[in-house]
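> coords please:
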Amino acid sequence: MARNLYELFAENQGRCAGRTALHTVKRDGADEMTYAEMHDRVLRIAGALAAAGINKGDRVVLLSENRAEWYICLYAIMRAGGVAVPLYTTASAEQQDYIIRDCGARFGFVSKEALYDTIRRPAEEFFAGTVIFDPETQRPELTPLDRFMAQGDPAFDPAQERPAAWEDTAILIYTSGTTGEPKGVMLSHRNIISDVLMLQPVLAYITDLRYLSILPLSHAYEFAVIQTVVSMGGTIIPVPVMAKTVEYIEKGGPTIACAVPRLFEKIYNTVLRNVGNAHPAVRMLFYRGLRLGEKIYRHLEKNEPVPFPANLLYRFYRRIVFDKIRNKTVRTIQLFISGGAAIQPEIVRFFNIIGTPIVEGYGISECSPVVSVNMPDDRDVGTVGPALTGLDVRIAPDGEVIVRGPIVMSGYWNKPDETRAVMDDHGFFHTGDIAVWTDNKKLKIIGRMKDIIVMASGKNVAPAKIENMLAADPWIDQACVVGDEQKYLAALIVPDFDQLKVWAKDNGIAAADERELIHHPAYKKLIKESVDKVNRQIESHEALKRFHIHERRFTVEGGELTPTLKLKRREITKKYKDIFDSLYS
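The predicted structure follows:
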């Protein structure tokens, strides 16, 4: 068995050296790199790192969008015995400065000059050198990757002096910092490889494993799945710009991808909008097929046999309706894995009906990160699967998910007090998530303990459930629900501005700007109908009594979102206090 992540990658040299490891989509085609070619670059860069004075345990920063060089440099860092510190490209200069100083990084890889500028001050102070992927740079403090690689001795053998061991830290993944400063999660080679081995059965369902890498590479979920794909000799297709995901699906021919619910919501709502604008006969076929698919899916959810006539008729709809939708949207993808937030059941059922299943999983960075996941043939919509084999996952008396096993982190970097606060004397990590077990031992996540709203009535409400339901609506992009110590819940709602523009054009409504549009009576009525629809699906005490339509999106730059796009509730309620106060006046 591999002792470290480099060895996990290098094991492929014997069995799949000629296979494509990296498939980079270009405007006029694609660049492909085999595992053998990738390994050669890894060896040279590792040798160059050693020549630059990087020793075992030294922290090395990776700051780049998803691109081939990121993966190559990651394994070079592992080969040299270093510790990778991936940074979010969307983080502010202040956040980057904090992380680099906190971990004491000694070297850096960046993709372009604009990103280097966000870390320039700490890089000049702490780094022995900075390598840039962009070969056109003229800045003397940056070394182009090709030139740096030429300085390396591929015969360099760290096994003689600095082998990364099973329990050594492989990577520092910094938490989002929703309620405070980020914490560096120390994940060992043992942690990650253990999670990889548990995830392999999920990916084994895929024929011709071609993984579309959408989520940021500093995201723990993405990192773990990448390692699993590599361990199985699959191909990685990097998506450098998330907004171009559909284009990369079309050009890259992927068979699997991980994504957050927002991607699926966008595809789902686009399909519904296009069907709504189609010929009445097309609409009739679509909705009849969809209703039949939902009936069949509910049979499967209950493990009941599907009546033969229904199955035969579904094949007809699949061929003349759903296959066409697949070919225009998800194309070659055989499986999606959804994580990061709850996804609405009707969206999961829709993708299953058209023939591209979505499986839901649960994880947290401190657990490498995947704790549970449904298998592709599971039909338990709304659950995040059983615990992975080999883990001890329990629900504490207060409803918190606690985890013990080989995937649990060794601690937070330089933060022993914070580590003791989440690790108990029995070796369980306390996740801060509230969940329940279903009758068939699947986890069902309720929400984050710290986010629970305690109303004046004493009722507890998990706002994320309501926010996710709102955000799944085609007219709504984001929502923040409040109501602590109040008699009712209220929300700040951000419209889907793309849909808003389409709506205005379709209805012949002219306006000076988006701000004027969102206050149009007809549009406010649409949002009210969307809120009412959600209210009908939840408990009466959870219903939103009032809401405010916000005129701009929550962003990382604005301080309302973390780099992983989670709401910073404390910041939002503070920043928009006057608005929230008006909802209760």
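> so where do the strands sit in the stretch 1-150 of the chain?
Here the stretch 1-150 of the chain has its strands, by DSSP state E, counting those that start in this stretch, at 20-26, 29-34, 59-63, 83-87, 107-110, 130-132, 142-144.
> Could you pull up the contacting residues of Phe264?
If you count contacts by CB atoms under 8 Å, 6 or more residues apart in numbering, Phe264 has them with 336, 338, 343, 347, 351, 358. No exception for glycine: its C-beta is placed from N, CA and C like everyone else's.
> Turn those residues into a markdown table, including pLDDT and distance to Lys574.
A markdown table is the format used below for those (pLDDT from 0 to 100; distance: CB to CB, whole Å):
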| residue | pLDDT | distance to Lys574 |
| --- | --- | --- |
| Phe336 | 97 | 36 |
| Ser338 | 94 | 31 |
| Ile343 | 92 | 29 |
| Ile347 | 95 | 32 |
| Phe351 | 96 | 38 |
| Ile358 | 96 | 35 |
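> which one is Glu113 nearest to, not counting chain neighbours?
In space, and not counting its chain neighbours, Glu113 is closest to Thr137: 6.1 Å by CB to CB, 6 or more residues apart in numbering.
> Not counting sequence-adjacent ones, nearest residue to Leu391?
Nearest non-adjacent residue to Leu391, counting by CB to CB, 6+ apart: Gly405, 4.0 Å away.
> Surely that neighbour and Thr389 touch.
No: at 9.8 Å, Gly405 does not count as touching Thr389 under the criterion of CB atoms under 8 Å.
> Name the residue in those two with the higher neighbour count.
A direct count of neighbours by other CB atoms under 10 Å for Gly405 and Thr389 places Gly405 higher, at 22 against 9.
> pLDDT score for Leu492?
Note on Leu492: pLDDT of 97.
> For it, which non-adjacent residue is spatially closest?
Nearest one to Leu492, counting by CB to CB, 6+ apart, is Cys480 at 4.7 Å.
> Would you confirm that the one you found belongs to a strand?
Yes: looking at Cys480 with DSSP: H, G, I helix; E, B strand; the rest coil, it is inside a strand.
> Please verify my assumption that it contacts Leu567.
Yes: if you go by CB under 8 Å, Cys480 and Leu567 touch, sitting 5.7 Å apart.
> where do the contact lists of the two overlap?
Joint contacts of Cys480 and Leu567 (CB under 8 Å, 6+ apart) are 467, 554.
> mean confidence score for stretch 526-535?
Mean predicted confidence for stretch 526-535 is 97.
> Could you check it and say which residues are buried?
Going by neighbour count (16 or more other CB atoms under 10 Å), the buried part of stretch 526-535 is 526-527, 530-531, 534-535.
> sorry, back to before: what pLDDT does the residue nearest to Glu113 get?
pLDDT, Thr137: 91.
> One more: the one 10 residues further on?
What the model reports for Arg147 is a pLDDT of 96.
> ok, now which ones touch it?
Arg147 sits next to no residue when contact means CB under 8 Å, 6+ apart.
> Could I get the contacting residues of Ile192?
Going by CB under 8 Å, 6+ apart, Ile192 touches 5, 170-171, 223-224, 227, 368.
> Now with 10 Å, please.
Shown in contact with Ile192 (CB atoms under 10 Å, 6 or more residues apart in numbering): 4-5, 8, 170-171, 220, 223-224, 227-228, 368-369, 406-407.
> Could you pull up phi and psi at it?
phi -70, psi -40 (degrees, to the nearest 10).
> hmm, back to that, which of the contacts of Phe264 tops the neighbour count?
The most neighbours of any of these, using other CB under 10 Å, belong to Ile343, which has 26 neighbours.
> That residue in helix, strand or coil?
Applying three-state DSSP: Ile343 is coil.
> In the longest strand seen in the chain, which of the residues would be classed as buried?
If you go by DSSP state E, the chain has its longest strand at strand 429-437. Applying a neighbour-count criterion of 16+ other CB under 10 Å, one finds 429-435 buried in strand 429-437.
> helices and strands around the helix or strand immediately after it in the chain, which ones?
Later in the chain than strand 429-437, the nearest helix or strand by DSSP states H and E is strand 443-448. Packing partners of strand 443-448 (3 or more CB pairs under 10 Å, 6 or more residues apart in numbering; DSSP states H and E): strand 358-363, strand 370-373, strand 400-404, strand 429-437, strand 460-461, helix 463-471.
> any idea of the angle the last one forms with strand 443-448?
For helix 463-471 against strand 443-448, the angle by axes from the mean of the first three to the mean of the last three CA atoms, to 10 degrees is 100 degrees.
> Restrict helix 463-471 to CA atoms and write it as PDB.
Extracted as PDB, the C-alpha positions of helix 463-471 are listed here (Å, rounded to 0.1, in the frame of the first residue of the first chain):
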ATOM      1  CA  PRO A 463     -32.400  28.200   8.300                       C
ATOM      2  CA  ALA A 464     -30.300  26.400   5.700                       C
ATOM      3  CA  LYS A 465     -33.200  24.200   4.800                       C
ATOM      4  CA  ILE A 466     -35.400  27.200   4.000                       C
ATOM      5  CA  GLU A 467     -32.600  29.000   2.200                       C
ATOM      6  CA  ASN A 468     -31.900  26.000   0.000                       C
ATOM      7  CA  MET A 469     -35.500  25.700  -0.900                       C
ATOM      8  CA  LEU A 470     -35.700  29.400  -1.800                       C
ATOM      9  CA  ALA A 471     -32.400  29.200  -3.800                       C
END
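> Could I get the average pLDDT for it?
For helix 463-471, mean pLDDT is 95.
> if we can go back for a sec, what about the residue nearest to Glu113, how many neighbours?
16.
> That one: what's it in contact with?
The contact partners of Thr137, by CB under 10 Å, 6+ apart, come to 110, 112-113, 116, 143-144.
> how about those, which pair is most distant?
Lys112 and Thr143 (13.9 Å; CB to CB).
> residue ranges with poor pLDDT in the chain?
For the chain, the stretches flagged by pLDDT under 70 are 158-163, 177-179, 512.
> which secondary structure elements does the lengthiest helix in it contact?
The helix that spans the most residues within the chain, counting by DSSP state H, is helix 280-301. Packing partners of helix 280-301 (3+ CB pairs under 10 Å, 6+ apart): helix 261-276, helix 308-317, helix 323-328, helix 345-354.
> most packed of the ones you listed?
Of all the helices and strands packed on helix 280-301, helix 345-354 carries the top mean neighbour count, a mean of 20, counting by mean count of other CB atoms under 10 Å.
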